[in-house]
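Visitor: got a sequence here, can you model it:
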Amino acid sequence: MNDLRLATVVITALIDSINPCAIGVLVLLISALLVLSEKKKKMLVTGIIYVIAVFITYFIAGLGLLTVIHNLQIEEMVGVMTGFLVIILGFIEIKDFFWYGKGFSLTIPTSQTDRVKKYAEEGTIVAAIILGIIVAAVELPCTGGPYLAITTLLAEKIDFGAIMYLVLYNLIFVLPLLIIVILAYFGTSALDVKHWKNKYKKWMRLVTGILMIGLGVLLILFAQGVISLV
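Guide: The predicted model follows:
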């Protein structure tokens, strides 16, 4: 594996994984499960199924992006456009560190909030699967920039290595969600996780914003042939 390519995938996935959107939805799901059922085993199983649904949905979406970008041979055009887009989104994230809630922010659309709550409150396995799919789609404003950038970087050469990088990215992406489910099973309350998320939310956005700006610059240089990750 190319060291620079691996480092880019891992660092981006780590930062992308600690995003308030996915964590917020999982807190909502765990809260509903603990209210609806006294059985922690059910909460654990349903929570893990939710995480798996998010992973599969994101992986399939990434695979589709890789294929389209590679087959159309538009890596350079998409790379430059995505690079500038990611830089803009990075500055929006940094803006939220200083002035959260003012102006445009990268959050789950409010029109989808009630829909997410509905499935979270059902607390069933089927609802967890549907919720995972929905969340993977509606939280794209939070995570779409870094993910599109990574798939564009990997699209230059689709081989077994590129697929494994995509798998690795998504495993890292859902890791914090899995950790939260396990912590809840062993006694950590959803309220504690929510307080932690709210306490560090602005710092998550600051770090994410800085990473996205750096990733955008890297992507533009890559698309222009200035650097190579393969």
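
Visitor: give me the buried positions along the helix ranked longest in the chain.
Guide: In the chain, assigned by DSSP state H, the helix with the most residues is helix 190-223. By neighbour count on 16 or more other CB atoms under 10 Å, the buried set for helix 190-223 is 190, 193-194, 197, 201-202, 204-209, 211-216, 218-220, 222-223. Placement of C-beta: from N, CA and C, glycine included.

Visitor: what helices or strands is it leaning on?
Guide: Contact here means 3 or more CB pairs under 8 Å, 6 or more residues apart in numbering; DSSP states H and E; on that basis helix 190-223 packs against helix 3-17, helix 20-36, helix 75-99, helix 140-154, helix 160-185.

Visitor: go again using 7 Å as the cut-off
Guide: If you count contacts as 3 or more CB pairs under 7 Å, 6 or more residues apart in numbering; DSSP states H and E, helix 190-223 packs onto helix 3-17, helix 20-36, helix 75-99, helix 140-154.

Visitor: can you check the pLDDT for Leu4?
Guide: Confidence at Leu4, expressed as pLDDT, is 72.

Visitor: burial measure for it, as a count.
Guide: Applying other CB atoms under 10 Å, we find 13 residues neighbouring Leu4.

Visitor: buried stuff in stretch 60-75?
Guide: Buried residues in stretch 60-75, counted by 16+ other CB under 10 Å: Ala61, Gly62, Leu63, Leu65, Leu66, Ile69, His70, Glu75.

Visitor: and if you look at stretch 4-19?
Guide: Here stretch 4-19 shows Arg5, Thr8, Val9, Thr12, Ala13, Leu14, Ile15, Asp16, Ser17, Ile18, Asn19 as buried, counting by 16+ other CB under 10 Å.

Visitor: also stretch 88-100?
Guide: Neighbour count says stretch 88-100 has Leu89, Gly90, Ile92, Glu93, Ile94, Lys95, Asp96, Phe97 buried, by 16+ other CB under 10 Å.

Visitor: re earlier: which one of the helices and strands packed on helix 190-223 has the lowest average pLDDT?
Guide: Lowest mean pLDDT within the helices and strands packed on helix 190-223: helix 20-36, at a mean of 63.

Visitor: list the residues that contact Ile49.
Guide: Ile125, Ala128, Ile129 (CB atoms under 7 Å, 6 or more residues apart in numbering).
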